[in-house]
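Q: task: produce atomic coordinates for the following.
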Amino acid sequence: MRFTSTRNKKLNVGFEQAIRDCMPGDGGLYVPAEVNDLRRWILFTNEKTTYASVAGALTLACVNEEFSPIICEAIAAQAFPYEPKLSKLDKGLYTLELFHGPTGWHRDFGVSYLIEALENILLMKDTNAVILDVNASALAASLANALRGKKRIKAVLLFPKNSVKGLSEEDLIWNGGNLFPIEIDGNIEDCNKIVKDIFSDHKNVEDLNLTVANTANIGRLFPQAFFYPFAFSRLKREVTGNIYYAMPPGNFSNVTAGLYSWKIAMPVSGFILPATDALTVDPAGRCVMLDALVPVNERGKTDPSCLSNLERLEEIFSANTALMHNLVYAAKITDDDTVFAAKELFMKYHLYADKNTASAYAAALKQKAATYQDNGTLVLVVNDHPSLDADFIRRCIGENLQMPENVAASVRPAHIGKPLMRSSSEVLSIARDVSKNFTAASF
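A: Model (predicted):
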């Protein structure tokens, strides 16, 4: 598989360049330049096919010009000692739980794969890389876990003031770990601005081998496409009708990855999600992207620190915008709709649904007649452990949900004992030091 840019189809790079130099110089995002029809392989899988096997086979099929079969299998096996869980709630209704990684957040899957792929690339090239990013939700915990034992990757991660969490002493770079946390004297927008400023000068990226660990990096987004062939391997002998996936919108990474699965010929009939300001419905109820009204080359550069995958979503349908109306179904929902959905999931199936999961189910209920009502199957994607939204669950159904220790550790405050920083120059100086010195003794 080769990769191009959402803003320049003449660009053509390999997987290695796309994940190391994660932002094209034209201000767009890397996307697959072409995809292979993998239907025969997908139909060969079954309920005994492990998630690591799915990931390894799809990696080999997509990047076989760059990685040997042994490397592809090693990346997948090392990245995924855990897997999602597909559960049947009722006839035609399933959940796909993505919180069974080490921290209880769905990003464990994407981060772990990115780090394993990048580490293998760097070992083959005998070089190093520095991840520069902003902690969003529990990226820190997922990243720290994935970086343990790695020799070629360090991370500089920015936190707003008084929000450092999810780190243990062993993770810190000055204690022999691979992560340098920086507390910024400001809010999340200030952190994003610093990362954006540093990446805006491509010389910084080249000199320090900088990349990011969010879904701006195609190496972080690509593995999210594995969720759907894995789910299908479990569904194929149980269902005969159309299959739809309902999910929260987030930054549109899961629906974009799902559509990449569709492009490699995975059987799926559509994706359902709550409408947002950017992805909404027209008066006829059809899904529309408001950003598409502005040509991509007239937009500002993509922000590597605060990403929406809408531009990638738009690119998928660039040749046939009408096709989106038959694959992506958005529904406008209210807070009352979300609460109703949470209560129904608990009363009917004893499922503890966080607000994101409940909103996805609420959207699915509104789109039922247009999608899975007649002999169809709905798979409700559950991103993160429900205990992370315990207050919402308690308000909706009056239940107190206990948080497992691994999940609690991902949000536990940490003290790093370093002075606050305020400027891009200060952060850039740290990134330079990390790039030059890959040993704890240097810090």
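
Q: what's in contact with stretch 24-39?
A: 1-9, 11-13, 18, 22-23, 58, 61-62, 202, 216, 218, 260, 263-267, 296, 299-302, 307, 309, 311-312, 315-316 (CB atoms under 8 Å, 6 or more residues apart in numbering). Any C-beta I mention is one placed from the backbone N, CA and C, and that applies to glycine too.

Q: do the same with stretch 6-18
A: For stretch 6-18, using CB under 8 Å, 6+ apart, the contacting residues are 1-5, 24, 26-31, 33, 62-63, 65-67, 117, 121, 125, 218-219, 296-297, 311-312, 314-315.

Q: put the buried members of those residues into a PyMOL selection.
A: Burial among the contacts of stretch 6-18 is assessed by 16 or more other CB atoms under 10 Å; the matching PyMOL selection reads:
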select buried, resi 1+2+3+4+5+24+26+27+28+29+30+31+62+63+66+67+117+121+218+219+296+311+312+314+315
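
Q: can you tell me which of the contacts of stretch 6-18 are in strands?
A: In this view, the contacts of stretch 6-18 that belong to strands under DSSP state E are 3-5, 30-31.

Q: what's the closest of these to Ile182?
A: The closest of the ones in strands among the contacts of stretch 6-18 to Ile182 turns out to be Tyr30 (CB to CB; 26.7 Å).

Q: give me the distance between that closest one and Asp108.
A: Computed as CB to CB, to the nearest Å, the Tyr30 to Asp108 distance reads 22 Å.

Q: got it, and Leu310?
A: Distance, Leu310 to Asp108, by CB to CB: 24 Å.

Q: which of these two has more neighbours?
A: Asp108 (26 against 21; other CB atoms under 10 Å).

Q: so that one versus Val212, what's the distance?
A: Asp108 is 17 Å from Val212, by CB to CB.

Q: cool, and Leu172?
A: Going from Leu172 to Val212 by CB to CB gives 20 Å.

Q: what do you get for Met421?
A: When distance is defined by CB to CB, Met421 is 19 Å away from Val212.

Q: between the two, which one's more packed in?
A: Neighbours per residue (other CB under 10 Å) separate Met421 from Val212, with Val212 holding more: 23 against 18.

Q: low pLDDT regions in the stretch 301-443 of the chain?
A: 439-443 (pLDDT under 70).

Q: break down it into its strands, ranges please.
A: For the stretch 301-443 of the chain, strands defined by DSSP state E, counting those that start in this stretch occupy the ranges 328-331, 377-382.

Q: contacts made by the shortest one with the rest, please.
A: When contacts are defined by CB under 8 Å, 6+ apart, strand 328-331 is touched by residues 244, 255, 259, 270-276, 279-281, 287, 313, 362-364, 366-367, 370-371.

Q: cool, the longest one as well?
A: The set of residues that contact strand 377-382 without belonging to it, under CB under 8 Å, 6+ apart, is 86, 89, 92-99, 227, 231, 235, 239, 241-248, 254, 272, 353-354, 357, 360-361, 364, 368, 371-372.

Q: with stretch 349-360 instead?
A: For stretch 349-360, the external contacting residues (CB under 8 Å, 6+ apart) are 89-90, 93, 95, 246-248, 250, 272-274, 333, 337-339, 341-342, 345-346, 361, 380-384, 386-389, 392-393, 396-397, 399, 401.

Q: now, which of those lie within helices?
A: Members of these lying in helices (criterion: DSSP state H): 337-339, 341-342, 345-346, 361, 392-393, 396-397.

Q: per-domain residue ranges of this structure.
A: Listed domain ranges for the chain are 3-106+220-392, 128-208+413-442 (source: automatic domain parsing).

Q: which secondary structure elements does the longest helix belonging to the chain sit against?
A: As assigned by DSSP H, the longest helix anywhere in the chain is helix 107-125. Applying 3 or more CB pairs under 8 Å, 6 or more residues apart in numbering; DSSP states H and E, we find helix 107-125 packed against helix 15-20, helix 69-79, helix 139-147, strand 153-160, helix 218-221.

Q: tell me the first helix or strand C-terminal of it.
A: Note on helix 107-125: by DSSP states H and E, the next helix or strand toward the C-terminus is strand 129-134.

Q: what's that following strand packed up against?
A: helix 139-147, strand 153-160, helix 188-200, strand 210-211, helix 424-436.

Q: tell me the average confidence for it?
A: Computed over strand 129-134, the mean pLDDT rounds to 98.

Q: circling back to that earlier point, inside helices: which ones of the contacts of stretch 24-39?
A: Taking DSSP H as the definition of helices, these contribute 18, 58, 61-62, 202, 218, 260, 263, 311-312, 315-316.

Q: put together JSON lines for those residues, with distance to Leu158 on each row.
A: Output for the ones in helices among the contacts of stretch 24-39, formatted as JSON lines (distance: CB to CB, whole Å):
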{"residue": "Ala18", "distance to Leu158": "24"}
{"residue": "Leu58", "distance to Leu158": "32"}
{"residue": "Ala61", "distance to Leu158": "36"}
{"residue": "Cys62", "distance to Leu158": "32"}
{"residue": "His202", "distance to Leu158": "20"}
{"residue": "Ile218", "distance to Leu158": "22"}
{"residue": "Tyr260", "distance to Leu158": "29"}
{"residue": "Lys263", "distance to Leu158": "34"}
{"residue": "Glu311", "distance to Leu158": "24"}
{"residue": "Arg312", "distance to Leu158": "24"}
{"residue": "Glu315", "distance to Leu158": "29"}
{"residue": "Ile316", "distance to Leu158": "31"}
